[in-house]
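Q: Requesting a structural model of the entry that follows:
(2 chains)
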Amino acid sequence: MSQLDQLKHNDDNLYKIRHSAEHILSQAVENLYPDKTIRVMGPATDDGFYMDVETIGDFKLSDSNFPEIEAEMQKIIKSNLPIIRKKITMEEACDLFTNNPYKIEWLDSIKDRGEIITIYSTGNQYTDLCAGPHVNYTSKIKAFKLLSIAGAYWHGDEKNKMLTRIYGTAFENKDDLETHLNNLEEIKKRDHRKLGKELDLYSTNQLTGAGLILWHPKLATSRNVLETFWREEHIRRGYQLVFTPHIAGMDMFVKTRHYTKYINSMFPVMLHQNIEGESKNDYTTDEQLKPMNCPNHVQVFKSSPRSYRELPFRMGELGTVYRYEKAGVLHGMTRVRGFTQDDSHIFCTPEQAINEVQEIIKLTKYIYEDIFGFQKFQAYLSTRPEKYLGSVDMWEFAQNSLIKAMESEKLKYKVDEGGGAFYGPKIDFKIKDSIGREWQMGTIQFDFNLPTYSESSEKDVDDFWKLKTFKDKYKTKKNLAKYIKQMGRGLDAKFVDKDGKEKPVVMIHRVVLGSLERFFGVIIEHFAGAFPTWLSPVQVKLIPITDAQHEFANKVLADLKAGGIRVEIDDRPEKMQAKIRDAQMQKIPYMLIIGAREVKANTVAVRQRDGQDLGAIPISEFITKIKEQVTKKSLNLIK
RNA sequence: GCCCUCCUAGCUCAAUGGUCGAGCAGCGGUUUUGUAAACCGUCGAUGCAAGUUCGAUUCUCGCGGAGGGCUCCA
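A: Residues are numbered from 1 along each chain as shown, chains lettered A, B, ... in the order given. Predicted coordinates for the structure are as follows:
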């Protein structure tokens, strides 16, 4: 956020209300638990406020404290205390907050920045170090609510003490608060974890393992449809599709240096010495569950000498990878430990790079906007970080390629200065779903690490020696050093140019959907579970009103199936209303009601999931319309 | 990994230091119906392991999982 934005922000009445509400919360907590808490700080946010507090000894705050805290806040608000700003000196400030180490630290940083020191007093009961601004009386807080409680590290650093954070929100009036709380309810209704259960889409369980998704038949149907689309679209755009294994030899990830960078998020090595009945002590071929597809793709590229004539070589795979994500970060389908990336690697010459990036952007826009109707997606360019591989020239070349491609495609982007990976610059695509939350999806990254080769250094040996896995395996540092030197660094991918000389190939890593798990998690929420017809697991439900229509309904079923429509018949001995309700709750796009009238006229009565009744239409006409809709991958229903 | 909370039937929810209750779903019947739930019957559960206790689903500890955050996200 720019400084100007920040100012506008602070002046906004809502921000004043929220920041003041946060002060009142802080004051209430202090009133209620004076010797058990130390005040830290808290700001207003885009949708509310939060306050950090340290709890002392065994004392713990939980949401069961909310009623009494809210009551205390209400008391402060009702007292209608004035909130007054005052400028003070550093000495005065140090005196005032001498018992609060957080405020003293804060004062130090204010001093470093050379800013003035201001305090805000609520009546003569509570004074806090604060830049403001605030409302002038506590009674201006007309509507507030505490929402949740969580832990947060001081300064967001996990090495620091864990504080307690209370989240809440405040508004100018009760109606706005009500609306906001209703929106939160809406978000909960769209939650893919809730819909995943209700619509029987996926599950996880303890025996399968945390963060590992079981795709149920319905979602698997949609995934198969999406995968087919993905494959056809990629073949059409000149990609060559491959399959590679889920595991790779350890040597691979020694050469790529994944072990020294990311070993904490990789599943452990599969040691052959642990194989029952294995007598050989030689386990040089130990394997590793792959955390990414790139190395195997490089191996496909390297399987024979590559001519410049073969470039660009666009290699694609729906490749499943496994990463040991920390237990606390797992979340439904959007953050998991096993996932399938719609991965591709493009091997090309430097001259071809811009065009390749441009083609990827075109594909990304097509899929996001045209196919899924994500109207807003944001591109971020991440540039050279402090620690980086390769030369500055290489980085400049790659960054320029990305920028030029985005400009040719008229793609607006924001810059994340220094946010690139150590191995190359990148473009990230983030999608806003229908309720405004942003998700990281696709990415385009240059990779200066994998395709290159260099000798192992002493530091490399040291880095590996620090790892238990390698210490245990090689026993002595001398053994390890011999091994690491033998491995070298990088996978050394080259091509033979027109002049007959071997040259390093440019490698571009890209995903469009990101991972199928996350993508489906996002589109479940985006569509609130009501997928467009082409992607719906069940596209049509046949609802005969009585048994007398079963024969006719089965004929319709056969006709629709013959037309390639995913259709089911509900021939339970239930009332039509109950069948409609069930189909409706399953968000099936079309319900075809079949009663005596339809049998007689050879028609079906079409009810859409949006509640629209299209009346009776001939079966052939319905088939034509729905097929057209599926072919066009329309986001709308027939009418 | 860290802080807080939670874990009761397939799902949603109830109750309790003394043999856990309901609705929906399932199953067996009855009902044959015109655009969001027919009726009757029936099956089914305290995450795992330990401690305190005469007795634990309830209290304590550990583990696992889930949720809200923090940190992280090649």
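
Q: which residues does the nearest residue to residue A:286 once chain neighbours are set aside contact?
A: In space, and not counting its chain neighbours, residue A:286 is closest to residue A:250: 4.8 Å by C-beta to C-beta, 6 or more residues apart in numbering. Any C-beta I mention is one placed from the backbone N, CA and C, and that applies to glycine too. Contacts for residue A:250 (C-beta atoms under 8 Å, 6 or more residues apart in numbering) come out as A:269, A:285-288.

Q: Identify, from these, the entry nearest to RNA strand B.
A: residue A:288 (10.5 Å; C-beta to the nearest atom of the strand).

Q: After the host helix or strand of the closest one, heading C-terminal, what element do we hit next?
A: Assigned by DSSP states H and E, residue A:288 belongs to strand A:287-289. The first helix or strand that comes after strand A:287-289 along the chain, using DSSP H and E, is helix A:294-302.

Q: Report the rounded mean pLDDT for stretch A:507-518.
A: For stretch A:507-518, the mean per-residue pLDDT is 95.

Q: so how far is that stretch off the chain centroid?
A: Distance, stretch centre to chain centre, for stretch A:507-518: 12 Å (C-alpha atoms, centre = their mean, to the nearest Å).

Q: got it, and stretch A:110-130?
A: On C-alpha atoms, centre = their mean, the centre of stretch A:110-130 falls 38 Å from that of its chain.

Q: Now do the buried residues in that stretch.
A: Within stretch A:110-130, the residues scored as buried using 16 or more other C-beta atoms under 10 Å are A:110, A:117-123, A:126-130.

Q: Now whatever helix or strand residue A:396 lives in: average pLDDT?
A: Secondary structure assignment for residue A:396, by DSSP H and E: helix A:392-408. What helix A:392-408 shows for mean pLDDT is 94.

Q: How about the residues of the stretch 501-639 of chain A by RNA strand B?
A: Contact residues, the stretch 501-639 of chain A versus RNA strand B (C-beta under 7 Å from any atom of the strand): A:545-548, A:573-578, A:580-581, A:584-585, A:591, A:593, A:595-598, A:605, A:607, A:611, A:613, A:615-616.

Q: Give me the buried entries from the residues you listed.
A: With burial judged by 16+ other C-beta under 10 Å, the buried subset of these is A:545, A:576, A:580, A:584, A:591, A:593, A:595, A:598, A:605, A:607, A:616.

Q: nearest to RNA strand B, of those?
A: Distance to RNA strand B, by C-beta to the nearest atom of the strand, is smallest for residue A:595 among those, at 2.3 Å.

Q: Model confidence score at that closest one, please.
A: pLDDT for residue A:595: 95.

Q: So the nearest residue to residue A:348 once chain neighbours are set aside versus RNA strand B, what's the distance?
A: Closest residue in space to residue A:348, ignoring its immediate chain neighbours: residue A:312 at 3.8 Å, by C-beta to C-beta, 6+ apart. Distance, residue A:312 to RNA strand B, using C-beta to the nearest atom of the strand, to the nearest Å: 21 Å.

Q: how many neighbours does residue A:312 have?
A: By other C-beta atoms under 10 Å, 19 other residues sit near residue A:312.

Q: ditto for residue A:507
A: Applying other C-beta under 10 Å, we find 27 residues neighbouring residue A:507.

Q: okay but it is in contact with residue A:347, surely?
A: Yes: between residue A:507 and residue A:347 a contact is recorded at 5.8 Å, counting by C-beta atoms under 8 Å.

Q: give me phi/psi at residue A:213?
A: Main-chain torsions, residue A:213, degrees, to the nearest 10: phi -90, psi 130.

Q: So which bits of the stretch 201-350 of chain A are right by RNA strand B?
A: Residues of the stretch 201-350 of chain A that fall close to RNA strand B, judged by C-beta under 7 Å from any atom of the strand: A:204, A:206, A:209-211, A:258, A:261-262, A:265-266, A:291-292, A:323-332, A:335.

Q: From those residues, keep the buried residues only.
A: Burial by neighbour count, 16+ other C-beta under 10 Å: within those this picks out A:204, A:211, A:258, A:261, A:266, A:291-292, A:323-325, A:332, A:335.

Q: Just put these in JSON lines and tack on secondary structure and pLDDT.
A: Compiled in JSON lines, those are given as follows (DSSP: H, G, I helix; E, B strand; the rest coil; pLDDT from 0 to 100):
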{"residue": "A:204", "secondary structure": "coil", "pLDDT": "89"}
{"residue": "A:211", "secondary structure": "coil", "pLDDT": "91"}
{"residue": "A:258", "secondary structure": "helix", "pLDDT": "92"}
{"residue": "A:261", "secondary structure": "helix", "pLDDT": "87"}
{"residue": "A:266", "secondary structure": "coil", "pLDDT": "91"}
{"residue": "A:291", "secondary structure": "coil", "pLDDT": "94"}
{"residue": "A:292", "secondary structure": "coil", "pLDDT": "93"}
{"residue": "A:323", "secondary structure": "coil", "pLDDT": "93"}
{"residue": "A:324", "secondary structure": "coil", "pLDDT": "92"}
{"residue": "A:325", "secondary structure": "coil", "pLDDT": "90"}
{"residue": "A:332", "secondary structure": "coil", "pLDDT": "90"}
{"residue": "A:335", "secondary structure": "strand", "pLDDT": "90"}
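
Q: among these, which two are most distant?
A: Spatial extent of those (C-beta to C-beta) is set by the pair A:204 and A:261 at 28.2 Å.

Q: residues contacting residue A:507?
A: Taking C-beta under 8 Å, 6+ apart, we find residue A:507 in contact with A:294, A:298, A:345-347, A:446-447, A:450-451, A:493.

Q: you'd agree it is in a strand?
A: Yes: judged by DSSP: H, G, I helix; E, B strand; the rest coil, residue A:507 forms part of a strand.

Q: Give me the distance between it and RNA strand B.
A: Distance, residue A:507 to RNA strand B, using C-beta to the nearest atom of the strand: 12 Å.

Q: can you check residue A:463 too?
A: From residue A:463 to RNA strand B the distance is 15 Å (C-beta to the nearest atom of the strand).

Q: Surely that residue forms part of a strand?
A: No: applying three-state DSSP, one finds residue A:463 to be helix, outside a strand.

Q: Give me the buried positions along stretch A:255-272.
A: For stretch A:255-272, burial by neighbour count (16+ other C-beta under 10 Å) applies to A:255-261, A:263, A:266, A:269.

Q: ranges for the strands of the stretch 251-400 of chain A?
A: Counting by DSSP state E, counting those that start in this stretch, the stretch 251-400 of chain A has these strands, from start to end: A:287-289, A:313-322, A:338-348, A:377-382.

Q: and what of the stretch 1-150 of chain A?
A: Taking DSSP E, counting those that start in this stretch as the criterion, the stretch 1-150 of chain A carries its strands at A:37-41, A:44-45, A:48-55, A:83-88, A:117-122, A:126-129, A:143-153.

Q: quick one: contacts of the strand holding residue A:288?
A: Contact partners of strand A:287-289, identified using C-beta under 8 Å, 6+ apart, comprise A:246-250, A:252-253, A:266-267, A:269-270, A:322.

Q: got the residues of the stretch 51-200 of chain A near RNA strand B?
A: Taking C-beta under 7 Å from any atom of the strand as the contact definition, the stretch 51-200 of chain A meets RNA strand B at A:60, A:62-63, A:148-153, A:156-158, A:162, A:164-165, A:167, A:193, A:197-198.

Q: coming back round to it: just the buried ones from the contacts of residue A:250, in PyMOL syntax?
A: Buried members of the contacts of residue A:250, defined by 16+ other C-beta under 10 Å, are picked up in PyMOL with:
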select buried, chain A and resi 269+286+287+288
